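Colleague: Fold the following, please.
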Amino acid sequence: MVRNLGLLMEMLAIVYGTATFFGKKVKYDIKTVLFIISVILLSTLINEYQLPVYLSSLSYIIIFIYSLLEYDEGIKGTVLNFLLTSGMMIALQQIFYIVVFFLLPDNNEICNVLLIHVGCLGVLWILMHYEIMNKCYKAILKNRKIYISLMFFVCICLLGDLIEAKNQNYLSGKDYLQLLYFIGLMFVVINEWQRSKVETEKKKAELEMNRLYYSAYEELVALIRDRQHDIKNHINTIYSIIYTTNSYEELVERQKQYCNFVLESSKETQILLAAGNPLISGFLYQKNQEIKSRGMQVDYKLEKISFPLAATEYEIIEMLGILVDNAIEELAEADHESKKIVIGYTWDEQWDIFYVANTSRNYSTAEIARFFERNYSSKGNGRGIGLDKMRRKLQQLDGGIKAEMEPYGEAQYLKFSIMLPKQ
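Modeller: Numbering: from 1, shown residues only. So this is what the prediction gives:
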């Protein structure tokens, strides 16, 4: 009875320790009750029914599963919390072991164990009212180097025990369980290592994007400032056309032509005003220059972009970049006279919608459906990877992408729309 009471105090201490490192309140729900009952039942089976003692380490798995299900912080955060909670418990147990057995050397050992666990529970209950343990947890979780180093240290400790057991030419049930824990931790370490490499590459790409598109943005701003000085000249020119025409019809036609010229040359202003973001503005301007250098036309149908968006500016640029590049490639290989790209943004109550359309032959519904197959493209094998990657990314954001044929004026356009859920 006293042994089970001591085990109950230990489990409660673990419950409080887990909640404290996560920075959450203790939940006295069915999961917590089942966790405590499971560990006590396992201990009873070992103590009363002579099950192998090494099976007590199965309680580690029960603790991990409880933390994962109760707080839903992901495997990475749960593993770290488990290690920190276990380390804290071991440290506190050692401290109270010294204190209790020094003050009560002749006391019953089981009673002393109960006192140790009560002391651990009391300390963790007090620490729960402070944020220091949660701050420690968050600091390690954010610092990938410290996190991976901690995982490596634990793996090395487990590996050392396994090597020692191997040298004795005998592996017990305990060793097999340790091997299971070692493999599990190595999986977490390798996965985190891979994520670290991906994050590093992503940051490099973002830095390069910043360098390229901020430079384009500064060029765009300088261009618009220069054109501000030409506004007066344009107005004077439009006004002066009155004195150089012989009829009303000629006046209307020449003013219309000149106004269209002014509007065409002021598209860059629309980019700056509608985008409302230096990176996106810089990207659109850079693509504007690229499209024109290829002898193609570009038009913008941009409403004022409403931030925040469900995707980051880097993700939006990456997705738009894929669509614009695909449009440029298709028009470069096309033989029709009109080669025009339309880049637009609009929104409704449910979606933020970015779209790219280009003059195109008329694709059938079946052909359009195949665009999102990973290795299919109407322009050659392997070019459908970008659209498939975009589709999977948008699924993670609870968004979507659709392709359709749509008429603009007298021409048919192939239009791709990126659907982002409203924030």
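
Colleague: how near is the residue of the chain most remote from its centre to residue 252?
Modeller: For the chain, the largest distance from the centre (Cα atoms, centre = their mean) belongs to residue 246, which lies 65.0 Å off. Distance check for residue 246 against residue 252: by Cβ to Cβ, to the nearest Å, it reads 13 Å. No exception for glycine: its C-beta is placed from N, CA and C like everyone else's.

Colleague: Go through stretch 50-63 and flag the buried ones.
Modeller: With burial defined by 16 or more other Cβ atoms under 10 Å, the residues of stretch 50-63 counted as buried are 56, 59, 62-63.

Colleague: can you list those residues in JSON lines and add distance to residue 368?
Modeller: Below are the buried residues of stretch 50-63 laid out as JSON lines (distance: Cβ to Cβ, whole Å):
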{"residue": "56", "distance to residue 368": "61"}
{"residue": "59", "distance to residue 368": "56"}
{"residue": "62", "distance to residue 368": "52"}
{"residue": "63", "distance to residue 368": "52"}
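
Colleague: Which of those fall within strands?
Modeller: Among the buried residues of stretch 50-63, DSSP state E puts none in strands.

Colleague: any chance of the residues you listed in CSV, plus pLDDT and distance to residue 202?
Modeller: Output for these, formatted as CSV (pLDDT from 0 to 100; distance: Cβ to Cβ, whole Å):
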residue, pLDDT, distance to residue 202
56, 80, 43
59, 86, 39
62, 89, 37
63, 89, 34
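
Colleague: If you count contacts, what does the helix or strand encompassing residue 204 end up packed against?
Modeller: Using DSSP states H and E, residue 204 falls within helix 173-228. Helices and strands touching helix 173-228, by 3 or more Cβ pairs under 8 Å, 6 or more residues apart in numbering; DSSP states H and E, are helix 74-103, helix 144-167, helix 267-275, helix 278-293, helix 313-333.

Colleague: how far out from the middle of the chain is it?
Modeller: How far helix 173-228 lies from its chain's middle: 10 Å, per Cα atoms, centre = their mean, to the nearest Å.

Colleague: what angle do that helix and helix 74-103 make?
Modeller: Using axes from the mean of the first three to the mean of the last three Cα atoms, to 10 degrees, the inter-axis angle of helix 173-228 relative to helix 74-103 is 130 degrees.

Colleague: just the angle between helix 173-228 and helix 313-333, please?
Modeller: Using the same axes, to 10 degrees: helix 173-228 against helix 313-333 is 70 degrees.

Colleague: would you say residue 412 is within a strand?
Modeller: Yes - Residue 412 forms part of a strand when assessed by DSSP: H, G, I helix; E, B strand; the rest coil.

Colleague: Could you look up the SS state of the closest residue in space to it that isn't next to it in sequence?
Modeller: Computed as Cβ to Cβ, 6 or more residues apart in numbering, the closest residue to residue 412 that is not its neighbour in sequence is residue 362, at 5.4 Å. Secondary structure for residue 362, judged by three-state DSSP, is coil.

Colleague: My read is that residue 362 contacts residue 407, right?
Modeller: No - assessed by Cβ atoms under 8 Å, residue 362 is found out of contact with residue 407, at 10.0 Å.

Colleague: Quick one: list the elements packing against the helix or strand that residue 393 is a member of.
Modeller: Using DSSP H and E, residue 393 sits in helix 385-396. Here helix 385-396 touches helix 313-333, strand 400-408, strand 411-421, going by 3+ Cβ pairs under 8 Å, 6+ apart.

Colleague: Looking at the ones you listed, spot the one closest to residue 201.
Modeller: Across the helices and strands packed on helix 385-396, residue 201 has its closest neighbour in helix 313-333 (12.6 Å, Cβ to Cβ).

Colleague: how far does that closest one sit from the chain's center?
Modeller: Averaged C-alpha coordinates place helix 313-333 at 22 Å from its chain's average position (Cα atoms, centre = their mean).

Colleague: Check which residues of whatever helix or strand comes next after that helix are buried.
Modeller: Remark: after helix 313-333, the chain's next helix or strand is strand 340-347, criterion DSSP H and E. The neighbour-count check on strand 340-347 (16+ other Cβ under 10 Å) flags 340-345, 347 as buried.

Colleague: for stretch 198-215, same thing?
Modeller: Within stretch 198-215, the residues that qualify as buried are 206, 209, 213, counting by 16+ other Cβ under 10 Å.

Colleague: Give me the domain ranges for the protein.
Modeller: The chain breaks down into these domains under automatic domain parsing: 2-142, 230-265, 267-421.

Colleague: Could you export the ones you listed as JSON lines, including distance to residue 189?
Modeller: Below are those laid out as JSON lines (distance: least, Cβ to Cβ, whole Å):
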{"stretch": "domain 2-142", "distance to residue 189": "10"}
{"stretch": "domain 230-265", "distance to residue 189": "57"}
{"stretch": "domain 267-421", "distance to residue 189": "24"}
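
Colleague: least reliable of these going by mean pLDDT?
Modeller: Of all the domains of the chain, mean pLDDT reaches its minimum on domain 230-265 (a mean of 68).

Colleague: Tell me which residues touch residue 328, please.
Modeller: Counting by Cβ atoms under 8 Å, 6 or more residues apart in numbering, residue 328 touches 290-291, 294, 296, 341.

Colleague: among these, which ones are buried?
Modeller: Among the contacts of residue 328, the ones that count as buried by 16+ other Cβ under 10 Å are 291, 296, 341.

Colleague: Now the closest residue in space to the first one that isn't next to it in sequence: phi and psi?
Modeller: I take that to be residue 291. Of all residues not flanking residue 291 in the chain, residue 298 sits nearest, at 4.4 Å (Cβ to Cβ, 6+ apart). For residue 298, the backbone dihedrals (degrees, to the nearest 10) come out as phi -140, psi 140.

Colleague: related to what we said a few turns ago, count the residues that sit near the residue nearest to residue 412.
Modeller: Counted with other Cβ atoms under 10 Å, the neighbours of residue 362 add up to 9.

Colleague: which residues sit in contact with residue 39?
Modeller: 7, 11, 59, 62-63.

Colleague: Now with 7 Å, please.
Modeller: 7, 11, 59, 62 (Cβ atoms under 7 Å, 6 or more residues apart in numbering).

Colleague: again with residue 178
Modeller: When contacts are counted by Cβ under 7 Å, 6+ apart, residue 178 touches 158, 161-162.

Colleague: I appreciate the help and will end here.
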